[in-house]
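Engineer: Generate a structure from the sequence data that follows.
(3 chains)
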Amino acid sequence: MFEARLTQGKILKQILEALKDLVLDANIDCSEEGLSIQAMDSSHVSLCAVALRSDGFDHFRCDRNISLGFNSANLGKILKCADNTDIITLKAEDSADNLTLMFESEKNDRVSDFELKLMDIDADHLGIPDTEYKTTISMPSGEFQRIIRDLQVLGDTCTIAVNKDGVRFSVSGDLGTGNVLVHATSGVDKEEDSAVTIDMEEPVELTFALRYLNFFTKATSLGPTVVISMSPDVPVVVEYPIEQIGHIKYYLAPKIDDEAEE
Amino acid sequence: MFEARLTQGKILKQILEALKDLVLDANIDCSEEGLSIQAMDSSHVSLCAVALRSDGFDHFRCDRNISLGFNSANLGKILKCADNTDIITLKAEDSADNLTLMFESEKNDRVSDFELKLMDIDADHLGIPDTEYKTTISMPSGEFQRIIRDLQVLGDTCTIAVNKDGVRFSVSGDLGTGNVLVHATSGVDKEEDSAVTIDMEEPVELTFALRYLNFFTKATSLGPTVVISMSPDVPVVVEYPIEQIGHIKYYLAPKIDDEAEE
Amino acid sequence: MFEARLTQGKILKQILEALKDLVLDANIDCSEEGLSIQAMDSSHVSLCAVALRSDGFDHFRCDRNISLGFNSANLGKILKCADNTDIITLKAEDSADNLTLMFESEKNDRVSDFELKLMDIDADHLGIPDTEYKTTISMPSGEFQRIIRDLQVLGDTCTIAVNKDGVRFSVSGDLGTGNVLVHATSGVDKEEDSAVTIDMEEPVELTFALRYLNFFTKATSLGPTVVISMSPDVPVVVEYPIEQIGHIKYYLAPKIDDEAEE
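Structural biologist: Presented below is the predicted three-dimensional model:
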């Protein structure tokens, strides 16, 4: 028996919005610790990992580890039927063919329940090594979304270069070139949601496909901040912390120089 | 000579919005009592009936009963040219080829007049028998619209089941099943626009094509409340009362069991 | 060396929005006096002329007259990357292949720079004779936009008739006819942005293609007022003044009677 109740049901809606354009099918892995989803995008270029800790739910019970295989378009359709203010409960039997989703309105005058047919999904759970990154940027998630969206008009790949003063996003294409420089926030404003902080051991410069960075920014509504961790020659991690419950992380390998200069 | 002036011209705009996706051509029947429109949808599955009492107009004169045949797309286009705050006057000669629509802005700095070419429309005016319904639900029109829209993601037909505790809307399809239960409002809140009240002689359960219920919800903006009346084996009536002037009613036959289980 | 800095960078964004559906390629002509753009639409039916005085910029330097040829779709894409509150600086070397656009955020925490590749554009600069118009209307730009948009549902050509009491916009088509009468504002309200004033030597009535009038209304966001100047048999001028810096003007020849009655 698995049962998880979340007053802020909106978070589940937003996670599906953040997944569904990137990931076709995936498993929700349920254990005593909480829920997790790990999936490659359909082109096997990027990896998406969601973790929601059991203590972030109002009620959480998972008698036995189970994997609930879902089609993200279908689960997304059902979650669209929940209001942003609804309380959402997920339920499944131990060997379930269905996931039950219950939506309760705030005032408790409407209760909806939906059954989603589950699927068997072969998924190798990738062990992601704990890496020390050479540089970690924290910046407003909306600002990151906007920069990625803007730069897409100019080209397909974006170079992210970090030094202690700031982050430079660069793109080059047929109609011209563009650079956006975001300064690290100084002094007293650092604590604010809108602060840009850079934790850097050494400068890093990597190049990525804008198409995937843009997919990642679908998670923007999950929180005010995005945390970008980079080291030379390893995948970037674009993390959206979800307050008091967990995070969604995206991994994307950098383009090697040949590609970047194409 | 027919002339009708309505300060709340917005009502006429909203009625056309509520008609135009369902009804192609129809007559406005004008008499001393007021205006009425009755028309089947283009597939002859549902019936739509509008009634606006003459005393709801600021000025109303109708010397002789006349029928003004209109194409609803065209009349809709012209009414889109009126502001929501405009005063609208309809005018026609006794044997008119044209309907004149005059739009006056609130501050009277703009006056528009449009002539719509009229059409001859053969329409059998159906006598709708006065029926006593076994159950009548009154609920917020926005809530009804939302439920119908949500359930469409799951299937094509919706079962509406009423008992004294509430109304259950159910749908079933390829990706799973869904139920929305709306509770009757208890006690003191009953007078509010957001109340759900159920007047029931016996429980009723009927199944309908969601496509048509969805068309009916185009009338949502006409008022805060929708009234749904049902008896076994007869068409449901979905009524949107329009404050101080009339109503728009939709009639739709239930699916018989064979169909519902297809 | 050319350099021009504008705190209200939004104006440049809005000018491109007002141009880009009408004009494919054009030159920005830079001189000590300021910037100007003059271009025919791609069908050579209407003319668009922008003028921005150097004293309207925060900083303006133009050592030598230069023409910067741009593709308006591409320049529009880059200007979309500027926020409405950004400060925009344009820069070009004397014999430049590129136009540099720099966008600084209000709080100076983000600086973007873009390079747009320039083009050689053959453009005969038309001398527009200074004409005395028989009638000049000043009216709210939003009201003009709305009338033009509304009347398009009825037909392709619009007659604008002015006398001292007001302006009548008329259109006629398959589904009927429409007239919008805008009254001149009387007395005390004349100073307001929402005033309609008519300066008239003699009544004028001219007919125009609504399609082009509609293109002109893309400039509506540039200011609260539009000024329409007409004389018999000469092109109308539709001018949007841009506060403290200049204007955008559109010229369109009237249809001759044969055409208008088609």
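
Engineer: quick one: contacts for the residue of chain A found nearest chain C?
Structural biologist: Using C-beta to the nearest C-beta, the closest approach of chain A to chain C is made by residue A:150 at 3.8 Å. For every residue, glycine as well, the C-beta is placed using N, CA and C. Residues near residue A:150 by C-beta atoms under 8 Å, 6 or more residues apart in numbering or on different chains: A:178, A:180, C:80, C:81, C:112.

Engineer: mind redoing it with 7 Å?
Structural biologist: Listed by C-beta atoms under 7 Å, 6 or more residues apart in numbering or on different chains, the contact set of residue A:150 reads residue C:81.

Engineer: can you give me how far stretch A:10-25 is from the chain middle?
Structural biologist: 8 Å (C-alpha atoms, centre = their mean, to the nearest Å).

Engineer: Flag every buried residue along that stretch.
Structural biologist: A:10-20, A:22-23, A:25 (16 or more other C-beta atoms under 10 Å in any protein chain shown).

Engineer: Ok, stretch A:120-133 next?
Structural biologist: For stretch A:120-133, by 16+ other C-beta under 10 Å, it's A:123, A:133.

Engineer: The nearest residue to residue A:197 once chain neighbours are set aside: neighbour count?
Structural biologist: Spatial nearest neighbour of residue A:197, chain neighbours left out: residue A:138 (4.7 Å); criterion: C-beta to C-beta, 6 or more residues apart in numbering or on different chains. Residue A:138 has 20 neighbours, counted by other C-beta atoms under 10 Å in any protein chain shown.

Engineer: any chance of the buried residues of stretch A:10-25 in JSON lines, plus pLDDT, secondary structure and distance to residue B:1?
Structural biologist: Listed next are the buried residues of stretch A:10-25 as JSON lines, based on pLDDT from 0 to 100; DSSP: H, G, I helix; E, B strand; the rest coil; distance: C-beta to C-beta, whole Å:
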{"residue": "A:10", "pLDDT": "97", "secondary structure": "helix", "distance to residue B:1": "58"}
{"residue": "A:11", "pLDDT": "97", "secondary structure": "helix", "distance to residue B:1": "63"}
{"residue": "A:12", "pLDDT": "97", "secondary structure": "helix", "distance to residue B:1": "62"}
{"residue": "A:13", "pLDDT": "97", "secondary structure": "helix", "distance to residue B:1": "57"}
{"residue": "A:14", "pLDDT": "98", "secondary structure": "helix", "distance to residue B:1": "60"}
{"residue": "A:15", "pLDDT": "98", "secondary structure": "helix", "distance to residue B:1": "64"}
{"residue": "A:16", "pLDDT": "97", "secondary structure": "helix", "distance to residue B:1": "60"}
{"residue": "A:17", "pLDDT": "96", "secondary structure": "helix", "distance to residue B:1": "58"}
{"residue": "A:18", "pLDDT": "97", "secondary structure": "helix", "distance to residue B:1": "63"}
{"residue": "A:19", "pLDDT": "95", "secondary structure": "helix", "distance to residue B:1": "64"}
{"residue": "A:20", "pLDDT": "94", "secondary structure": "coil", "distance to residue B:1": "60"}
{"residue": "A:22", "pLDDT": "95", "secondary structure": "coil", "distance to residue B:1": "65"}
{"residue": "A:23", "pLDDT": "95", "secondary structure": "coil", "distance to residue B:1": "67"}
{"residue": "A:25", "pLDDT": "94", "secondary structure": "strand", "distance to residue B:1": "68"}
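
Engineer: Would you map the helices across chain A?
Structural biologist: A:10-19, A:72-80, A:141-151, A:210-216, A:257-261 (DSSP state H).

Engineer: residues from the stretch 51-200 of chain A in reach of chain B?
Structural biologist: Within the stretch 51-200 of chain A, the residues that sit near chain B (C-beta under 7 Å from any C-beta of the partner chain) are A:74, A:77-78, A:80-81, A:98, A:109-117.

Engineer: out of the residues you listed, what pair is the most spread apart?
Structural biologist: A:109 and A:117 (28.6 Å; C-beta to C-beta).

Engineer: Of these two, which one has the most company?
Structural biologist: In terms of neighbours (other C-beta under 10 Å), residue A:109 is the more surrounded of residue A:109 and residue A:117; the figures are 21 against 16.

Engineer: The more buried one reaches residue B:183, doesn't it?
Structural biologist: Yes. Using C-beta atoms under 7 Å, residue A:109 makes contact with residue B:183 at a distance of 5.2 Å.

Engineer: Give me the number of neighbouring residues for the residue of chain A found nearest chain B.
Structural biologist: Chain B sits closest to residue A:81 of chain A, with a gap of 3.9 Å, by C-beta to the nearest C-beta. Here the number of neighbours of residue A:81 (other C-beta under 10 Å) works out to 22.

Engineer: Next, show the common contact partners of residue A:109 and residue B:183.
Structural biologist: residue B:196.

Engineer: List the residues that contact the residue of chain A positioned farthest from its centre.
Structural biologist: For chain A, the residue at maximal distance from the C-alpha centroid (C-alpha atoms, centre = their mean) is residue A:109, at 32.6 Å. Applying C-beta under 7 Å, 6+ apart to residue A:109 gives the contacts B:182, B:183, B:185, B:196.

Engineer: Recalculate using a threshold of 10 Å.
Structural biologist: Under the criterion of C-beta atoms under 10 Å, 6 or more residues apart in numbering or on different chains, the neighbours of residue A:109 are B:139-140, B:143, B:166, B:181-186, B:189, B:194-196.

Engineer: now residue A:224
Structural biologist: Residue A:224 neighbours (C-beta under 10 Å, 6+ apart): A:140, A:141, A:142, A:192, A:193, A:194, A:240, A:241, A:243.

Engineer: among these, which two are most distant?
Structural biologist: Taking C-beta to C-beta, the two most distant members of the contacts of residue A:224 are A:192 and A:240; they sit 17.5 Å apart.

Engineer: Those two - which one has more neighbours?
Structural biologist: For residue A:192 and residue A:240, the more surrounded residue by other C-beta under 10 Å is residue A:240, and the numbers stand at 27 against 10.

Engineer: Roughly how far does that one sit from residue B:184?
Structural biologist: 41 Å (C-beta to C-beta, to the nearest Å).

Engineer: what does residue A:242 give?
Structural biologist: In terms of C-beta to C-beta, residue A:242 sits 37 Å off from residue B:184.
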